[in-house]
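Visitor: Dropping a prediction and its sequence here:
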Amino acid sequence: MKTSYENSINQRKARLEEYLKDSMQNVVEHGMDVWNNRERLDATLQKCFESHPVLKRASLMYAISPQGKQISSRISPDKIDKSAYGQDLSDRPYFLGELPIQGIRLSPVYISKLDGQSCISVVKAVRSFSDENSDELGDLLGYIIADFNLLSLPSESETTEDRRIWLQIKGDPSIRGTLFMQSRVQSLMDKSIDDTISTVDELMRLRGVFHAKLHFSSSRATLWLYDDPYHYRVHTLDELEDACLAYPARSYPKDAVVAPEQISVIFKQFKTLRFADETVYLRAASLNIINGMVALNFSCDGSHYIPAEEFLAKGEMFWLGG
């Protein structure tokens, strides 16, 4: 089942395909007759930049053979780069996926090697003849490719939803492979963990911290403030002891999805996971009261991102397998 994030991406791609398809079809109709004449093909592609408002947004346009060899120059709005002719493009992102039989297809988003910007390529099949309204198709001659910087395309007014779903991510295989050769070493934070939890609880309930991460193994904390969300503060354990003096009182955020009384319960559950096992133990954990997400990183380097209410519903035995 697709997530709302995946659905959003697919919808945006569908809108871009609709936006680009007629212009790409027009390029193919003009390019078919000059496909085997490189100079005329170059001139046709360059003219498309001048005559199509949509294609003026493209950064590059070029033609390739069915095998991925470039058979035109690399055309930009103000330049014909003949040095690109003949290069093998079969390793490009658009060529590694399923190429279109007819119609157009968008590549995955990639970073351009020319300007370092995020791009997407539009691929349009070129055939000796084709009827877009029927299944009758001629021989495949190759493909017209148009590269677009994402910032040049029409902007989307909406943003993707904040995903409140449980994600489990495996970590470094070398750490997992040596898991049973290690054991938890008591840190300074371990020795004063109850005081640390009480401090962080007050910081989140009463002093404007909306996201707090405890690094148990290295005895430090990272804090994000509601009044200054673009900057985070890193505190050693000694600094954290006086943090309630450093941060002024603030009312609890109205848009928080975690209730104030749940904060200490969640951090006490972190403590349980820290001490429950000497081999598989919690290295770091965080809580964000605005989006209601808990993040966990274990000694096996596995990570979990889970809604707070689901985290609270799970017991110690769930995480440590009995």
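Guide: The structure has been received and is ready for your questions.

Visitor: which residues of this structure fall in helices?
Guide: Assigned by DSSP state H, the helices in the chain fall at 4-31, 38-51, 93-96, 173-177, 188-191, 193-206, 237-241, 243-246, 260-275, 308-313, 316-320.

Visitor: ok, of the ones you listed, where does mean pLDDT dip lowest?
Guide: Lowest mean pLDDT within the helices of the chain: helix 173-177, at a mean of 59.

Visitor: For the closest residue to A43 other than its chain neighbours, which residues are in contact?
Guide: Spatially, and ignoring its direct neighbours in sequence, A43 is nearest to V34 (8.0 Å; CB to CB, 6 or more residues apart in numbering). The C-beta positions use only the backbone N, C-alpha and C, and glycine is treated the same way. Listed by CB atoms under 8 Å, 6 or more residues apart in numbering, the contact partners of V34 are R40, L41, A43, T44.

Visitor: Quickly note the distance from R207 to V122.
Guide: 51 Å (CB to CB, to the nearest Å).

Visitor: do the same with H304
Guide: Distance from H304 to V122, by CB to CB: 38 Å.

Visitor: In terms of neighbours, single out the busier of these two.
Guide: V122 (27 against 18; other CB atoms under 10 Å).

Visitor: Show me the beta-bridge partners of that one.
Guide: Going by DSSP bridges, V122 is paired in beta bridges with L106, A146.

Visitor: N297 now?
Guide: A284, S303.

Visitor: so who does it touch?
Guide: So N297 contacts G171, L282, R283, A284, A285, S303 (CB under 8 Å, 6+ apart).

Visitor: Show me which of the residues you listed are buried.
Guide: L282, R283, A284, A285, S303 (16 or more other CB atoms under 10 Å).

Visitor: Make TSV out of those residues and add pLDDT and distance to V200.
Guide: Output for these, formatted as TSV (pLDDT from 0 to 100; distance: CB to CB, whole Å):
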residue	pLDDT	distance to V200
L282	89	15
R283	91	17
A284	93	13
A285	95	11
S303	86	20
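
Visitor: Apart from its chain neighbours, what residue comes closest to K13?
Guide: In space, K13 comes closest to L106 once its chain neighbours are excluded; the distance is 5.3 Å by CB to CB, 6+ apart.

Visitor: Verify the stated contact: R233 with R220.
Guide: No: here R233 lies out of contact with R220, judged by CB atoms under 8 Å, at a distance of 10.5 Å.

Visitor: So between those two, which is more surrounded?
Guide: R220 (19 against 15).

Visitor: got the contact list for that one?
Guide: Per CB under 8 Å, 6+ apart, neighbours of R220: M189, V234, H235, T236, L237, L240.

Visitor: circling back to that earlier point, which one of the buried ones among the contacts of N297 is nearest to K268?
Guide: K268 lies nearest to A285 out of the buried ones among the contacts of N297, by CB to CB, at 11.4 Å.

Visitor: what number of residues lie near the spatially closest residue to that closest one that is not a sequence neighbour?
Guide: Computed as CB to CB, 6+ apart, the closest residue to A285 that is not its neighbour in sequence is F270, at 4.5 Å. By the measure other CB under 10 Å, the count of residues near F270 is 23.

Visitor: Quick check, F270 in contact with H215.
Guide: No: with contact defined as CB under 8 Å, F270 does not count as touching H215 (11.4 Å).

Visitor: Next, format the contacts of N297 as JSON lines and append distance to S65.
Guide: What follows is these, written out as JSON lines (distance: CB to CB, whole Å):
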{"residue": "G171", "distance to S65": "43"}
{"residue": "L282", "distance to S65": "55"}
{"residue": "R283", "distance to S65": "52"}
{"residue": "A284", "distance to S65": "51"}
{"residue": "A285", "distance to S65": "54"}
{"residue": "S303", "distance to S65": "44"}
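
Visitor: Pull the most distant pair out of those.
Guide: G171 and A285 (14.7 Å).

Visitor: Let me see the contact set for Q67.
Guide: S90.

Visitor: how close does it sit to Y232?
Guide: 50 Å.

Visitor: all strands of the stretch 51-200 of the chain, in order?
Guide: 60-64, 74-76, 79-81, 104-106, 110-111, 118-127, 140-149, 167-169 (DSSP state E, counting those that start in this stretch).

Visitor: who's in contact with stretch 253-273?
Guide: Under CB under 8 Å, 6+ apart, the answer for stretch 253-273 is 193-194, 197-198, 200-201, 204-205, 210, 214, 216, 226, 252, 281-282, 285, 287, 289-292, 294, 296, 298, 308, 311-312, 316, 319-320.
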